[in-house]
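J.: fold the following for me, if possible:
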Amino acid sequence: MRALIILITLLSTGSAMTQVPGQSFKNPVIVSNPDSVQYFEKQYISITGPIISTSELIRPEGVIGYLNMFKAYPDNAFDITIFRKSMAFFMPLDQYQGKRIKITGKVSSFLQKKTGTRRYSIRLSNLKQIEVLN
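T.: Have a look, this model is predicted:
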């Protein structure tokens with residue numbers, strides 16, 4: 001009986017330790033279609049594709065950087081955003097222009113003020129989130 005209890009405890013602990021894809025940076029959901037990013041809000045994903053354009057927006061709180069993957073803004077499915085405190089890690093942004101990269105990060109959303117449409121974003125804050133493939 002004691003052996004059975006130990007076995008059940010070990011089996012239940014093992015299943016509890018199994019990580020669900022998308023719940024952490026180390027176990028992201030692999031996404032291949034940029035239009036499907038919207039279905040993974042608040043989850044970690046990895047997506048691979050070309051950087052079509054880059055831009056920097058000067059705001060009162062500092063510079064915000066953008067990498068446009070697959071299509072240029074505003075036709076892209078989501079933004080890859082780099083805020084002021086992390087910009088130095090990724091400068092110059094044009095080093096990614098025309099390159100095929102893999103991005104890993106948590107999907108968030110915001111309501112775009114000008115158009116009233118919901119946009120999706122992955123924020124880069126660490127070089128571990130980006131891998132240049134070519």
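
J.: and the residue nearest the centre of this structure?
T.: Residue closest to the average C-alpha location in the chain (C-alpha atoms, centre = their mean): residue 105, at 2.7 Å.

J.: what sits against the nearest residue to it once chain neighbours are set aside?
T.: Of all residues not flanking residue 105 in the chain, residue 122 sits nearest, at 4.0 Å (C-beta to C-beta, 6 or more residues apart in numbering). Using the backbone N, CA and C atoms, a C-beta is placed for each residue, glycine as well. For residue 122, the contact set (C-beta atoms under 8 Å, 6 or more residues apart in numbering) comprises 37, 45, 47, 78, 79, 80, 81, 103, 105, 106, 107, 108.

J.: list the buried residues of the helix or strand encompassing the last one.
T.: If I follow you right, that is residue 108. Using DSSP states H and E, residue 108 sits in strand 100-111. Applying a neighbour-count criterion of 16 or more other C-beta atoms under 10 Å, the buried positions in strand 100-111 are 101, 103, 104, 105, 106, 107.

J.: contacts for that strand?
T.: Strand 100-111 is contacted by residues 25, 28, 37-38, 40-51, 67, 69, 78, 80, 117-124, 128-134 when judged by C-beta under 8 Å, 6+ apart.

J.: quick one: mean pLDDT over it.
T.: Strand 100-111 shows a mean pLDDT of 96.

J.: given the next helix or strand after it, what are its sheet partners and their directions?
T.: Sequence order places strand 118-123 as the next helix or strand after strand 100-111, per DSSP H and E. Using DSSP bridges, the strands paired with strand 118-123 are strand 79-82 (parallel), strand 100-111 (antiparallel).

J.: what helices and strands are in contact with the lengthiest strand in the chain?
T.: In the chain, assigned by DSSP state E, the strand with the most residues is strand 44-59. Under the contact definition 3 or more C-beta pairs under 8 Å, 6 or more residues apart in numbering; DSSP states H and E, strand 44-59 sits against strand 29-31, strand 62-69, strand 100-111.
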